[in-house]
Structure formats: C-alpha cells, structure tokens
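[1] let me see the structure of the following:
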Amino acid sequence: MEWVHGYFKMCGIELDVVIGTALIDMYGKCGCLAGALEVFDEMPDKDVLAWTAMISAFAIHGFGEEAFALLEKMERQGTKPNQVTFGALLCACAHSAMVERDRWCFEAMKKVYIIEPQQQHYPCPAWWIYLEERAYLLRLHGNIELGERVAGRLIGMDPLNHAFYIILSDIYAKVDRFEDVKKVRKLMQEHGIKKTAPGCSSVEIDGEVREFSVKLAPCDDDVLDELVLILDLMYEELKIQ
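    Got it, this is the predicted structure:
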C-alpha cells in the first residue's frame with residue numbers, strides 16, 4: 001500500500017482525483033488514517049468522491065466528529081454532498097452513536113439537498129446494536145415508554161429480525177402488559193418470524209463464566225440420567241442440612 005504511494009512520489013506523478021481517491025480509500029480500509037489524510041492534503045483538486053472517501057475513512061474508524069467537520073469544510077469550498085456522502089455520514093453516526101446527527105442527515109437530505117434516502121442510507125448493524133442496547137437498558141431501568149419507542153423503531157428498521165420483537169415483548173412483560181405480549185407474539189406469527197437463536201443462561205463458578213443454552217447440549221438418556229442423579233444428591237444434601 002505505502003509503496004504504491006511512495007512510487008508515485010518518486011516518479012513525480014501528481015495525484016489527480018482518480019489516483020488520490022483510490023489511495024484514500026485503500027488507506028482508509030486498511031486503518032491507516034494518517035496515510036489517507038496525507039494523500040488527501042496532497043491532492044491539488046478534490047471532487048465529491050475524494051471528499052467522500054476521506055469522510056468514509058473517518059466514519060468507519062469511529063471519528064464521527066471529524067467526518068462532519070470535513071463535510072463543513074467540503075461545503076465551504078463549494079462541493080455539495082451526494083447520496084454516497086450521506087451514506088458515509090450515516091455510517092459515522094452508527095459507529096460513533098451520534099443520534100442527533102443521524103436525524104439531521106435525514107432531514108438535510110430531504111429538505112436541503114433534495115436527496116431521497118435509499119436502502120443504503122438506513123441504519124447499519126452497528127446502529128441497530130446501539131439502539132438494541134438502549135432498549136435493553138431502558139427496560140432494565142424501568143423507562144418503559146421510551147423503551148417501547150426504541151424497540152418499535154428497531155422493528156420498523158428491520159421488521160424480520162426476531163430479536164427486536166423479543167425486546168419489545170420483554171418490555172411489556174416487565175410491567176405485566178401481557179395482552180401486549182400476546183399481540184407481539186401474534187405479530188411474529190403473522191409475519192412468519194421465529195426465534196432462531198436458543199435462549200441461554202450463564203453462571204459464574206470460581207471466576208469462570210459457564211453458559212448453558214437450549215439445543216446446544218446433548219440430550220440423550222445418559223445425560224438425563226446423570227442430571228437426575230445430581231438432582232437426587234442435591235435433594236439428599238438439603239435434607240441432611
């Protein structure tokens with residue numbers, strides 16, 4: 001990667017927008033932001049693709065503020081963002097959990113730049129994970145109304161993902177809204193959505209976490225007999241105590 005860049009320098013080849021953008025993209029995907037910035041700064045001319053490549057490099061490595069700062073600089077120099085640019089900015093929102101910036105992007109696309117959001121603009125898995133964590137924490141700490149809204153947004157973004165329905169169902173169950181639990185389960189059935197991952201539990205023993213999951217352990221007669229024996233021994237031990 002670096003030898004390619006070095007070769008251009010050695011030969012005195014000027015970094016035009018095509019070569020420069022390719023190098024920025026290459027450096028960014030390899031995690032070398034310093035190299036990407038060096039190429040970007042060396043480019044005498046930059047088009048929307050070059051700016052977007054640098055924004056994307058910041059975005060995928062969690063430098064959300066830097067990505068948006070570059071957008072502002074890009075606009076000051078007279079280059080307008082396009083659909084691909086906003087895809088990179090939304091990626092920055094996802095990796096840096098920038099909720100307000102995410103909302104701004106969609107508003108700006110529609111009202112300022114007259115860009116209709118496409119499939120690639122909708123939240124990526126990293127953003128789903130962030131929202132899923134928020135829904136779980138809201139459920140855990142009792143903010144049911146907000147947790148319900150977040151879970152509903154998750155379902156709206158990915159209506160075939162069973163995990164989001166389970167989160168919403170658990171939120172309702174926490175406050176004994178069992179009719180709503182039934183509605184969620186019915187909705188899953190109507191859409192043919194099934195829980196693909198088995199439930200699991202974990203226990204810490206001597207500093208080591210052991211996880212138990214349905215369907216992951218063998219369930220033959222020998223295993224069941226062993227479990228019954230262990231339960232019998234535990235029962236006898238409790239009787240003695």
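
[2] the protein: helices as residue ranges?
    Here the chain has its helices, by DSSP state H, at 2-10, 17-29, 33-42, 48-60, 64-76, 83-96, 99-111, 125-140, 144-157, 162-174, 178-190, 221-240.

[3] out of these, which is the most enclosed?
    helix 48-60 (a mean of 25; mean count of other Cβ atoms under 10 Å). Yep, even glycine has a C-beta here, placed from its N, CA and C like the rest.

[4] show residues contacting it.
    For helix 48-60, the external contacting residues (Cβ atoms under 8 Å, 6 or more residues apart in numbering) are 17, 20-21, 24-25, 27-29, 33, 36-37, 40, 43, 64, 66-67, 70-71, 74, 79-82, 84-85, 88-89, 91-92, 95.

[5] go again with 6 Å.
    17, 20-21, 24-25, 28, 33, 36, 40, 66-67, 70, 74, 79, 82, 84-85, 88, 91-92 (Cβ atoms under 6 Å, 6 or more residues apart in numbering).

[6] hmm, back to that, out of the helices of the chain, nearest to residue 117?
    Comparing the helices of the chain against residue 117 with Cβ to Cβ, the closest turns out to be helix 99-111 (5.8 Å).

[7] quick one: residue 37 and residue 64, what's the gap?
    Going from residue 37 to residue 64 by Cβ to Cβ, to the nearest Å gives 16 Å.

[8] please apply the same query to residue 191.
    34 Å.

[9] quick revisit: want to throw the helices of the chain into TSV with distance to residue 117?
    Shown next, in TSV, are the helices of the chain (distance: least, Cβ to Cβ, whole Å):
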stretch	distance to residue 117
helix 2-10	35
helix 17-29	23
helix 33-42	27
helix 48-60	16
helix 64-76	17
helix 83-96	8
helix 99-111	6
helix 125-140	14
helix 144-157	12
helix 162-174	20
helix 178-190	25
helix 221-240	52
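
[10] out of those helices, which gets the lowest mean score?
    Note on these: helix 125-140 shows the lowest mean pLDDT, a mean of 54.
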